[in-house]
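Peer 1: Okay, predicted coordinates and the sequence, questions at the end:
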Amino acid sequence: MIQLENISFDHCIKCTICTVYCPVARVTHLFPGPKQSGPDAERLRKKTPELVDESLKYCTNCKRCEISCPSDVKIADIIQDAKWKYLKKRFRIRDYFLSRTDLLGTVATSTSWFVNFFTRLFLVKFFLDKLLKIPSGRRFPQYERGTFRRWFRKNADDQGSFDEQVVYFHGCFVNYNDHQLGRDLLTVLNTMNIGVLLANEKCCGVPLIANAYLEKARRNGRHNIRSLEQASEHGRIPIVATSTSCTYALKYEYQNLLALDNSRIVNNIEYIMKYLYSQFERGNIPEMKPVGMRVAYHAPCHLERMGGVIYTIEVLKRIPGLDLVLLYSECCGIAGTYGFKSESYEISQKIGQDLFRKIERADPEVVITDCETCKLQIEMNTPYSVLHPVNVLTMAVKEGK
């Protein structure tokens, strides 16, 4: 029986604008589009679950359908929910490890030289492709030695002495792959007389959600909600994150997809660039000198969904000497673990082609993006290095100091 609370798909007015904006439907016939796989098919699935369509698995959950929808239908959420309810679940060791970023990161950072060396070897990639269905063309992220949390404990014990503090949800990428972004955040905020505190966090759950490990994602979510509430002193201290996907998960996925009560922290969480923008508006602007650099800015999908792109752009515009080229909004295609799977790798690469061409035509010195997996995809497919906006801001602040 159809429950009244489960018919939000009826808000769909069948305009198909979501299909026009869908990056997957644009490059492959295997995915009919968000409207067809989402609201249209959901009406049938509610009555006859056997009508489930395998094309559901090709949705990247990029949220561009929801950005374009004039009726505010949660199209991507409908598709994700249908994946879990109706598609037959098969255990794959690849998906298990791709979703366990804390487990993988803990092991890899303890032997980072070994992992970084061997994941570049053709023979290793060949066997990963044949045995685990991880495409041989995919470039793996490099791991740091040790974790950012360990560095923080040794080098940042004076953060409580600043006039203000924030709780920093650093996420897995900073903790295991990019310590510099975390260090740069401290540089910028400390220069603004803001100290940084850490909560006892676990992976936000985005890779677990993508690979249908929902109970594990809920356990992580409950842990993070409790830890962030405690670290922020029940909402007194702001919570910031440098990952757009982590921010989106903490604010929206916990409630919409995992049915978790994050009401105690949700209004206290901001993506870092929106937080910095609010500080700049208050007049708390660090001294900066020109960086003298031409950059191209790529806006990640989840940041677009949060309406946060404008804050990044406005902060970047205030960096002296930054020649900023704004790229037309395009999905890069990697979509987290989606681009690490052989069955969706070719689609992932096709989605990103327009973006890669636009970057090359812009001919920047570096590319800027807020998302760590967008960084991986762009660096693999173009000759350009990719920086986070905080990295660029730190260059100007260091010059100012």
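Peer 2: Great, that's in hand.
Peer 1: per-domain residue ranges of this structure.
Peer 2: Following automatic domain parsing, one gets these domains for the chain: 4-86, 287-400.
Peer 1: Could I get those in JSON lines, plus columns for mean neighbour count and mean pLDDT?
Peer 2: For glycine as for every other residue, the C-beta is placed from the backbone atoms N, C-alpha and C. Formatted as JSON lines, the domains of the chain follow (neighbours: other CB atoms under 10 Å; pLDDT from 0 to 100):
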{"stretch": "domain 4-86", "mean neighbour count": "18", "mean pLDDT": "87"}
{"stretch": "domain 287-400", "mean neighbour count": "20", "mean pLDDT": "95"}
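Peer 1: Please name whichever of these is nearest to residue 251.
Peer 2: Closest approach to residue 251 among the domains of the chain (CB to CB): domain 287-400, 7.3 Å.
Peer 1: check contacts around residue 330.
Peer 2: 23, 298, 352, 354, 355, 358 (CB atoms under 8 Å, 6 or more residues apart in numbering).
Peer 1: Among those residues, which ones are in helices?
Peer 2: Among these, DSSP state H puts 23, 352, 354, 355, 358 in helices.
Peer 1: Pretty sure the first one sits against residue 349.
Peer 2: No - the pair formed by residue 23 and residue 349 falls short of the contact definition of CB atoms under 8 Å, at 11.7 Å.
Peer 1: Name the residues contacting each of these two.
Peer 2: With CB under 8 Å, 6+ apart as the test, residue 23 and residue 349 both reach residue 333.
Peer 1: Now do the contacts for residue 66.
Peer 2: Taking CB under 8 Å, 6+ apart, one finds 18, 72, 73, 74, 75, 76, 77, 305 in contact with residue 66.
Peer 1: Pretty sure it sits in a helix.
Peer 2: Yes - counting by DSSP: H, G, I helix; E, B strand; the rest coil, residue 66 is part of a helix.
Peer 1: gap between it and residue 20?
Peer 2: Going from residue 66 to residue 20 by CB to CB, to the nearest Å gives 14 Å.
Peer 1: where do the contact lists of these two overlap?
Peer 2: The overlap between the contact sets of residue 66 and residue 20 (CB under 8 Å, 6+ apart) is empty.
Peer 1: Grab the most central residue of the chain for me.
Peer 2: Geometric centre of the chain, nearest residue: residue 245, 2.7 Å, by CA atoms, centre = their mean.
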